[in-house]
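Asks: Below are the sequence and a predicted model; questions follow.
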Amino acid sequence: MLALVGGEGVNMEKDFDSKLRIYNNDTSSGGGGGNGRDAQKSFVFRAPQENFTIQDFELGKIYGVGSYSKVVRAKKKDTGIVYALKIMDKKFITKENKTAYVKLERIVLDQLDHPGVVRLYFTFQDTFSLYMALESCEGGELFDQITRKGCLPEDEARFYAAEVVDALEYIHSMGLIHRDIKPENLLLTSDGHIKIADFGSVKPMQDSQITVLPNAASDDKACTFVGTAAYVPPEVLNSSPATFGNDLWALGCTLYQMLSGTSPFKDASEWLIFQRIIARDIKFPNDFSDEAIDLIDRLLDRDPSRRPGAGPEGYAVLKMHPFFKGVDWKILRQQTPPKLALDPVSQSSEGNDAHDSSWNPSHVGDNVARSNDGNSAAASSSEAATHITRLASIDSFDSKWQQFLDPGESVLMISMVKKMQKLTSKKVQLILTNKPKLIYVDPSKLMVKGNIIWSDNPNDLSVQVTSPSNFKICTPKKVMTFEDAKQRASQWKKAIEGLQNR
Ligand SMILES: Nc1ncnc2c1ncn2[C@@H]1O[C@H](COP(=O)(O)OP(=O)(O)OP(=O)(O)O)[C@@H](O)[C@H]1O
């Protein structure tokens, strides 16, 4: 660890700071001015940037692991207040070009103020990590409640859905699209109320009331995170611009999942899930009430503007739907929430920190990076269920690749890559299927240009990652070099090796 504090570490931090700098004016200046270099527009954070260190906190259990962060229960030693500390490894964020998302999530959370949205209290940083002190949601994810209970009785689903609708109405009224609504991102307080979390995919609309500072990710080109395969609406697969309707589709999927235990569009691979979504292939279990079916059916309308809540009448249509009959929207948060099903392992909804005592601050930087290999023992339910999906695969979803598959065969990984030759390079679509089959296709002629002979034996087929974008696929006969502009070299290695070890 100490070695990093040498030249390379310092440079990395400088580089990170220059990218992450947000105007943090002294409140005593009345929010005016700003420093000379960045003085275009002033902004004062509600959640201040503090000078705390990790030693100011007593760390407890790991709540979960995200794609570029780890969230840990942390008690501030002097005040005794418990937070969910989101810890992000600077080096990893810089390397993975996630700086803009971190900035956007930070600045959006800073300005949101609603009982149904997780609150950001303050931030701080050290050489290796950035820290966001979030309101601690001790009840865990709604996903875990669904898993533990199998599925939720309709009254419970109604309660949670109503709280999500109430919070979404607020988020949309602020001109924001969340874009990753799903049971894993709906957290529960210790008494069981919903808090929407994870604003890493948020998209501010043009007329948003939220101040978004320059360099925060807001364009889709830069945006790698746009939700999760099973909850992605069909228009996103067709590259239509994001609308509030995106979140309402995801709400429909979430309600379906609460009532049945699984998401409506389920299949063996993302590719097949996308096909189901495009085909709007939904089957309602017999035990769903007519009201639930009607609401889900409307939320899953192909036309995003027809989804209740998205039209000109706003949320009134959604709240007045017969499924929500009896819900008193004005006193939602005073109602008694459903009883939480406790984690059978810890047998406590409170932070039981004892079994995670192996984790300590000196591991912070390393752990975040390592957890992204998916090897963390404390990985969240989201990870275990491999629900996390990147635009990477959605991006490449196009029915034209279907012609290269046999009946029943599905795509596991696909991307447009450059196949490097001695002096030139050629764009090809690299496709890995569950057969297993590994081919590359000329995207303009739609012809298979190469079939890399599959072998489960790493002596006959192996992948070498040479940089985040570059990798070599090695067979006894030849070595092929590819460049993936989206930096998925190690994902390719993992996908191929995962299939070899299946
Ligand atoms: N405020 C919180 N209180 C309690 N647990 C939390 C809180 N915020 C996040 N978590 C838990 O930590 C996990 C990781 O959260 P994080 O926001 O880092 O990433 P994510 O939403 O899971 O994934 P990704 O960033 O890949 O979309 C979550 O799945 C959740 O279970």
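Replies: Sure, I can see it.
Asks: ok, and does stretch 103-111 reach over to the ligand?
Replies: No - using Cβ under 6 Å from any ligand atom, stretch 103-111 never reaches the ligand; the gap is at least 8.2 Å. In short, each C-beta sits where N, CA and C put it, glycine included.
Asks: in that stretch, what counts as buried?
Replies: Neighbour-count burial for stretch 103-111, counted by 16 or more other Cβ atoms under 10 Å, picks out 103-111.
Asks: Which residue would be the closest one in the stretch 151-300 of the chain to the ligand?
Replies: Among the residues of the stretch 151-300 of the chain, residue 198 lies nearest to the ligand; the distance is 3.5 Å by Cβ to the nearest ligand atom.
Asks: Grab the nearest non-local neighbour of that residue.
Replies: With Cβ to Cβ, 6 or more residues apart in numbering as the criterion, residue 198 has its nearest non-adjacent residue at 4.3 Å, and that residue is residue 185.
Asks: Next, count neighbours for residue 211.
Replies: Using other Cβ atoms under 10 Å, residue 211 has 14 neighbouring residues.
Asks: please renumber so the chain begins at 29
Replies: In the new count, where the first residue is 29, that last one comes out as residue 239.
Asks: how about the residues of the stretch 129-278 of the chain that lie near the ligand?
Replies: Residues of the stretch 129-278 of the chain lying near the ligand (Cβ under 6 Å from any ligand atom): 146, 162-165, 169, 212-213, 215, 225-226, 228.
Asks: With pLDDT as added columns, please give the buried residues of stretch 131-139 in CSV.
Replies: What follows is these, written out as CSV (pLDDT from 0 to 100):
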residue, pLDDT
131, 90
132, 92
133, 94
134, 94
135, 93
136, 95
137, 97
138, 95
139, 94
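Asks: and residue 235, what is it in contact with?
Replies: Taking Cβ atoms under 8 Å, 6 or more residues apart in numbering as the contact definition, residue 235 lies against residue 203.
Asks: Provide the secondary structure category for it.
Replies: With DSSP: H, G, I helix; E, B strand; the rest coil as the basis, residue 235 sits in coil.
Asks: so which helix or strand takes in the closest residue to the ligand within the stretch 429-530 of the chain?
Replies: Of all residues in the stretch 429-530 of the chain, residue 519 sits closest to the ligand, at 13.9 Å by Cβ to the nearest ligand atom. Residue 519 is located in helix 517-528, with elements delineated by DSSP states H and E.
Asks: hmm, who's touching that helix?
Replies: For helix 517-528, contacts defined as Cβ under 8 Å, 6+ apart pick out 420, 440-441, 443, 458, 460, 462, 464, 466, 483-486, 489, 491-499, 501, 510, 512.
Asks: Are any of the residues you listed buried, and if so which?
Replies: Among the contacts of helix 517-528, those classed as buried by 16+ other Cβ under 10 Å are 420, 440-441, 443, 458, 460, 462, 464, 466, 489, 491, 493, 496-499, 501, 510, 512.
Asks: thinking again about what came up before, between all of the residues of the stretch 129-278 of the chain next to the ligand, which two are separated the most?
Replies: 164 and 228 (18.5 Å; Cβ to Cβ).
Asks: could you pull out the helices for the stretch 129-278 of the chain?
Replies: In the stretch 129-278 of the chain, helices defined by DSSP state H, counting those that start in this stretch lie at 170-177, 182-201, 262-265, 272-288, listed in chain order.
Asks: Just say which of the ones you listed is most tucked in.
Replies: Comparing the helices of the stretch 129-278 of the chain by mean neighbour count (mean count of other Cβ atoms under 10 Å), helix 272-288 comes out on top with a mean of 26.
Asks: And the next helix or strand past that one?
Replies: Counting by DSSP H and E, the next helix or strand C-terminal to helix 272-288 is helix 298-307.
Asks: Same question for that following helix: list its buried residues.
Replies: Within helix 298-307, the residues scored as buried using 16+ other Cβ under 10 Å are 298-303, 305.
Asks: Name the nearest of the residues you listed relative to residue 449.
Replies: For those, the nearest to residue 449 is residue 299 (28.7 Å; Cβ to Cβ).
Asks: My guess is the closest one contacts residue 439. True?
Replies: Yes - between residue 299 and residue 439 there is a contact under Cβ atoms under 8 Å: 3.8 Å.
Asks: Distance from the chain centre to stretch 361-371, please.
Replies: Its chain's C-alpha centre and that of stretch 361-371 lie 25 Å apart, by Cα atoms, centre = their mean, to the nearest Å.
Asks: Identify each buried residue in that stretch, please.
Replies: 365-366, 368-369.
Asks: any idea which of those residues is closest to the ligand?
Replies: Proximity of the buried residues of stretch 361-371 to the ligand was ranked by Cβ to the nearest ligand atom; the top entry is residue 368 with 13.4 Å.
Asks: For residue 482, see how far away that closest one is.
Replies: 46 Å (Cβ to Cβ, to the nearest Å).
Asks: Let me see the ranges of the strands in the stretch 329-478 of the chain.
Replies: For the stretch 329-478 of the chain, the strands defined by DSSP state E, counting those that start in this stretch cover 439-448, 453-461, 465-470, 475-480.
Asks: Switch those over to TSV, and while doing so, append distance to the ligand to every line.
Replies: Formatted as TSV, those follow (distance: least, Cβ to the nearest ligand atom, whole Å):
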stretch	distance to the ligand
strand 439-448	18
strand 453-461	22
strand 465-470	27
strand 475-480	30
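Asks: Mind putting the ones you listed into a markdown table with mean pLDDT?
Replies: Shown next, in a markdown table, are the strands of the stretch 329-478 of the chain (pLDDT from 0 to 100):
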| stretch | mean pLDDT |
| --- | --- |
| strand 439-448 | 86 |
| strand 453-461 | 91 |
| strand 465-470 | 94 |
| strand 475-480 | 92 |
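Asks: for the protein, what helix or strand is lowest in average pLDDT?
Replies: Lowest mean confidence among the helices and strands of the chain (mean pLDDT, DSSP states H and E): helix 409-412, at a mean of 33.
Asks: wait, isn't residue 224 in contact with residue 214?
Replies: Yes - Residue 224 sits in contact with residue 214 when judged by Cβ under 8 Å, with a separation of 6.3 Å.
Asks: okay, and the common contacts of those two?
Replies: Going by Cβ under 8 Å, 6+ apart, residues that sit against residue 224 and also against residue 214 are residue 192.
Asks: okay, the two: which has more neighbours?
Replies: Taking other Cβ under 10 Å, residue 224 and residue 214 do not tie; residue 214 has more neighbours (27 against 23).
Asks: where's the nearest residue to residue 440 once chain neighbours are set aside relative to residue 527, distance?
Replies: Using Cβ to Cβ, 6+ apart and skipping residues adjacent in sequence, the residue nearest residue 440 is residue 460, 5.0 Å away. Distance from residue 460 to residue 527, counting by Cβ to Cβ: 7 Å.
Asks: now residue 136
Replies: 38 Å.
Asks: that older thread, for the residue of the stretch 429-530 of the chain closest to the ligand, grab the count of nearby residues.
Replies: So residue 519, with other Cβ under 10 Å, has 19 neighbours.
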